[in-house]
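Trainee: Show me how the following folds:
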Amino acid sequence: MTVTSVRTGRDLFLLANTVDELGGVTAWTHQMARLFQAAGHRVHVIGVHEAELKLTLPADLGYDVTSLYPAHPPTPRPIRGLARLNPVAHHRETLRLAGRARAVARLTEIFRTARPGAVAVVTQVWPMEWVREADTSGLRIIGMSHESYAYTKACHRYRSVRRNYPSVDRWLALTQEDADDWIADGMHNVGAMPNALAHLPEVPSPRTAKVVCSIGRLADQKGIDMLVDTWARVAPHRPGWTLRIYGAGADEPDLRAQCTRLGLNASVRWMGPTDDVPGALAGSAVFVQSSRGEGFPLALMEAMASAVPCAAFDCAPGVREIVRDGEDGLLAPPGDISALADRLLRLTGNPRMRDAIGERARVNVQRFSEERVLERWEELFALLER
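Mentor: Have a look, this model is predicted:
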């Protein structure tokens, strides 16, 4: 294989569930696409389908973007029992397979435009179902997951990883702790690659507003229901403080009803999704993350970069790699609502602690700067070409 120099750049394909969904992985995908493009690579971002709840993106991204389906593709439904006699079921499966064949053919067509030395980075587990059927001749394949080993092990994606990733050129976890867990589980060619800090605000938050903020999808993984329960323990002791919840998702009606039942409507603000995360953090004194599972959370890093002290559940290796408990943030045992409430009470009740932890967080989180993470990617690309 011809070695492509960094000077002329490589062809890089970044594959995700979607190219436009509101969420951290999509934001990370476009962040890395911009970095790779600026470094001289030719980038093409590919999603399985277009999303319903969309991330706001610039009109001209500067690189190619393709969705293989206009909407979520049909889920495979095995035809068993009496369904074998149902022509509608057979017709539906015929259409699904034809659509999949077209999507695989489109992916193969895109891959064939690649110059020698090209790399496909499959940023989430699901797109590998299409990649493994496409013609990837001449490509190096890097598989990734943006969640912890433990979270993947507990769900259906674990089977997909075990089925699809043993043959890739490199399988990347987000932390070395997660990588070690995958190696112990029998996976080979495993490495670690952290997410990069997207933005370091020129001016940190003054931490003077009596505001605690949360940023994330209103979905089970993000644990906003546990956050509402936590706030029910904090709010009576912190009159004048407000919890601002930024995000959108299918769980919003239930979460609002929970908030009402607990009598929290006066101190909770449902802010909806935001395109101005730095602005949201600048108007906050404390950041809280109540997730049941995480990978390497970007919102947590962005809060620290804004010098906003964080309280979070220690739900994944990525969280405790970003936050040094007691030094630049406060961690609580996973799912322990009383402990998370304690961390919030400490931060909201002690301005000196907020200032000290916030300032240390802003300094420490810069070890994940875009420049440093990009260097690690370039080293990996060079290693795979040997």
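
Trainee: Where do the strands of the chain begin and end?
Mentor: For the chain, the strands defined by DSSP state E occupy 11-18, 42-49, 64-69, 119-122, 140-144, 170-173, 190-192, 211-215, 242-246, 268-272, 286-289, 310-313, 330-332.

Trainee: could those be laid out in CSV, adding mean neighbour count?
Mentor: Every residue, glycine included, has its C-beta placed from N, CA and C. Formatted as CSV, the strands of the chain follow (neighbours: other Cβ atoms under 10 Å):
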stretch, mean neighbour count
strand 11-18, 24
strand 42-49, 22
strand 64-69, 18
strand 119-122, 26
strand 140-144, 23
strand 170-173, 24
strand 190-192, 18
strand 211-215, 25
strand 242-246, 21
strand 268-272, 16
strand 286-289, 27
strand 310-313, 27
strand 330-332, 23
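
Trainee: Looking at the ones you listed, which is nearest to Trp28?
Mentor: For the strands of the chain, distance to Trp28 was read as Cβ to Cβ. The smallest value, 8.7 Å, belongs to strand 11-18.

Trainee: Just give me how far the closest one sits from the chain centre.
Mentor: 14 Å (Cα atoms, centre = their mean, to the nearest Å).

Trainee: gap between Met187 and Phe13?
Mentor: With distances taken as Cβ to Cβ, to the nearest Å, Met187 is found 23 Å from Phe13.

Trainee: one step back: switch the strands of the chain over to a markdown table; also include distance to Ala179.
Mentor: Shown next, in a markdown table, are the strands of the chain (distance: least, Cβ to Cβ, whole Å):
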| stretch | distance to Ala179 |
| --- | --- |
| strand 11-18 | 20 |
| strand 42-49 | 25 |
| strand 64-69 | 29 |
| strand 119-122 | 16 |
| strand 140-144 | 11 |
| strand 170-173 | 4 |
| strand 190-192 | 4 |
| strand 211-215 | 27 |
| strand 242-246 | 31 |
| strand 268-272 | 36 |
| strand 286-289 | 23 |
| strand 310-313 | 22 |
| strand 330-332 | 21 |
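
Trainee: so can I have TSV of those showing mean pLDDT and distance to Cys259?
Mentor: Output for those, formatted as TSV (pLDDT from 0 to 100; distance: least, Cβ to Cβ, whole Å):
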stretch	mean pLDDT	distance to Cys259
strand 11-18	97	29
strand 42-49	98	32
strand 64-69	96	35
strand 119-122	98	38
strand 140-144	97	35
strand 170-173	96	36
strand 190-192	96	38
strand 211-215	98	13
strand 242-246	98	9
strand 268-272	98	5
strand 286-289	98	15
strand 310-313	98	19
strand 330-332	98	21
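
Trainee: List just the one of those strands that sits closest to Ile322.
Mentor: Ranked by Cβ to Cβ, the member of these that lies closest to Ile322 is strand 310-313, at 8.7 Å.
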